[in-house]
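*Asks:* The following block contains a protein sequence and its predicted model.
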Amino acid sequence: MTAPSAFPVYVLTGFLGSGKTTLLASLLAHPGMGETAVVINELGEVALDHLLVREVTEEVMLLGSGCVCCTVRDDLVSTLQELGALREAGSIPAFSRVVVETTGLADPAPIVQALLGTGRLRGAFRLTGIVATVDAVLGARELDEHSEALKQAAIADCLVITKMDAAPPDAAARLRARLGTLNPGAALVESAPGAFPAPERLFGAAGFHLDAKPEAVKRWIRDEAAHGDTRTHDAHRHDERVGTFAIRIAEPLKWASVLEWLELLLAARGESVLRVKGLINVAGRAKPTVLQGVQHIVYPPAELAAWPDADRSTRLVFVTRDLTRSAVETSLRQVLGTALTLS
């Protein structure tokens with residue numbers, strides 16, 4: 001049995017661009033989330049999501065391996081152990097819960113197995129709930145096309161349908177019905193900019209109960225228990241056509257030109273852009289601007305309070321399918337100028 005004093009761990013998952021980081025930042029701004037440690041895992045060599053969350057809380061740790069799956073489960077276990085040790089030593093503020101935000105391409109089954117089956121965590125941390133975000137606009141297609149999105153929704157205790165303000169009512173109703181059939185035991189919560197759910201609606205679960213999950217979920221977890229420790233992090237875990245890369249640009253950029261470039265790219269190759277997120281050095285602005293897009297959609301920009309460090313380069317992180325880095329670099333030079341310094 002897990003000791004009652006064990007720290008609750010909540011997993012926040014959801015497909016690329018479904019609004020995990022935005023939701024997490026809004027939750028952490030709530031007074032009731034004051035004693036929360038956050039572990040964020042990101043795809044790619046340039047991490048951006050933790051910068052957005054650090055606008056709210058400094059208690060953020062990064063997993064450096066790029067994807068919470070396969071052998072990376074060991075990184076998650078080690079990070080939680082490190083959190084506990086730092087808390088015990090007084091090196092970080094005391095926390096009463098942990099939220100783990102996964103990458104959008106994470107298969108949640110290895111995460112669950114790591115938290116349920118690892119003796120090193122028993123008595124110190126307990127898996128208490130899984131929250132999955134589902135995009136109200138793109139979610140139905142993502143459930144059809146990406147096994148990760150399907151697993152994330154099926155395994156969750158709470159499903160948050162995000163961006164409800166942008167979805168036609170009939171499409172939102174069909175998505176709600178589909179999610180109810182896929183995961184009948186999960187709570188369904190709706191979210192939109194300016195109307196985020198309160199933390200207690202998402203993080204009020206008494207514990208993760210595998211016995212109550214659909215049979216497919218139980219099978220995924222059993223498979224991980226039987227085979228997970230012998231797996232390596234190779235391409236079969238994700239669609240091998242999916243790739244990630246990051247591009248840095250040394251020069252400050254004109255905002256109008258950045259928007260023109262992104263709109264042209266998404267119009268031409270939106271189906272191939274599963275996610276783009278960038279920290280932009282806009283000419284004439286002292287603060288960095290966050291730019292985000294998913295498939296054919298460009299989201300409203302946000303401005304950070306300050307640059308996170310002395311590096312003022314623009315950083316763009318892409319998750320693509322059948323779209324190469326060189327093709328994206330060509331599009332940047334065509335719109336922003338051939339003299340750009342890219343790295």
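*Replies:* Received, thanks.
*Asks:* Could you use CA atoms for every contact and neighbour count after this?
*Replies:* Will do.
*Asks:* SS state for the nearest residue to residue 298 once chain neighbours are set aside?
*Replies:* Leaving aside its sequence neighbours, residue 298 sits nearest to residue 292 (Cα to Cα, 6 or more residues apart in numbering; 6.2 Å). Classification of residue 292 using DSSP: H, G, I helix; E, B strand; the rest coil returns strand.
*Asks:* Residue 292: neighbouring residues, count only.
*Replies:* A total of 20 residues lie near residue 292 under the criterion other Cα atoms under 10 Å.
*Asks:* same deal with residue 90?
*Replies:* Number of residues near residue 90 (other Cα under 10 Å) recorded here: 10.
*Asks:* Against residue 333, how distant is it?
*Replies:* When Cα to Cα, to the nearest Å is the yardstick, residue 90 and residue 333 sit 49 Å from each other.
*Asks:* What of residue 142?
*Replies:* In this structure, residue 142 and residue 333 are separated by 31 Å, where distance is defined by Cα to Cα.
*Asks:* mind checking which helix or strand residue 82 is in?
*Replies:* Assignment of secondary structure by DSSP states H and E places residue 82 within helix 73-89.
*Asks:* So which other helices or strands are in contact with that helix?
*Replies:* Based on contacts counted as 3 or more Cα pairs under 8 Å, 6 or more residues apart in numbering; DSSP states H and E, the elements that helix 73-89 packs against are strand 60-63, helix 108-117.
*Asks:* next one: it to chain centre, how far?
*Replies:* Using Cα atoms, centre = their mean, to the nearest Å, the mean C-alpha position of helix 73-89 is found 20 Å from that of the whole chain.
*Asks:* can you check stretch 195-208 too?
*Replies:* Distance of stretch 195-208 from its chain centroid, counting by Cα atoms, centre = their mean, is 17 Å.
*Asks:* And stretch 184-202, by the same measure?
*Replies:* Taking the mean of its C-alpha atoms, stretch 184-202 sits 16 Å from the chain's own mean (Cα atoms, centre = their mean).
*Asks:* Could you identify which of the helices and strands packed on helix 73-89 has the lowest mean pLDDT?
*Replies:* Among these, strand 60-63 carries the lowest mean pLDDT, at a mean of 52.
*Asks:* wait, is residue 5 part of a helix?
*Replies:* No - applying three-state DSSP, one finds residue 5 to be coil, outside a helix.
*Asks:* just the strands in the stretch 51-200 of the chain please.
*Replies:* For the stretch 51-200 of the chain, the strands identified by DSSP state E, counting those that start in this stretch occupy 60-63, 97-101, 125-135, 158-162, 187-190, in order along the chain.
*Asks:* Using a markdown table, lay out those strands together with distance to residue 223 and mean neighbour count.
*Replies:* Written out in a markdown table, the entries for those read as follows (distance: least, Cα to Cα, whole Å; neighbours: other Cα atoms under 10 Å):
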| stretch | distance to residue 223 | mean neighbour count |
| --- | --- | --- |
| strand 60-63 | 24 | 18 |
| strand 97-101 | 22 | 23 |
| strand 125-135 | 19 | 26 |
| strand 158-162 | 23 | 26 |
| strand 187-190 | 26 | 17 |
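*Asks:* Which one of those lies nearest to residue 151?
*Replies:* Comparison of the strands of the stretch 51-200 of the chain against residue 151 by Cα to Cα identifies strand 125-135 as nearest, at 9.8 Å.
*Asks:* so how far is that closest one off the chain centroid?
*Replies:* Between the mean C-alpha point of strand 125-135 and the mean C-alpha point of its chain there is a distance of 12 Å (Cα atoms, centre = their mean).
*Asks:* what packs against that strand?
*Replies:* Secondary-structure packing of strand 125-135 (3+ Cα pairs under 8 Å, 6+ apart): strand 7-14, helix 108-117, helix 147-155, strand 158-162.
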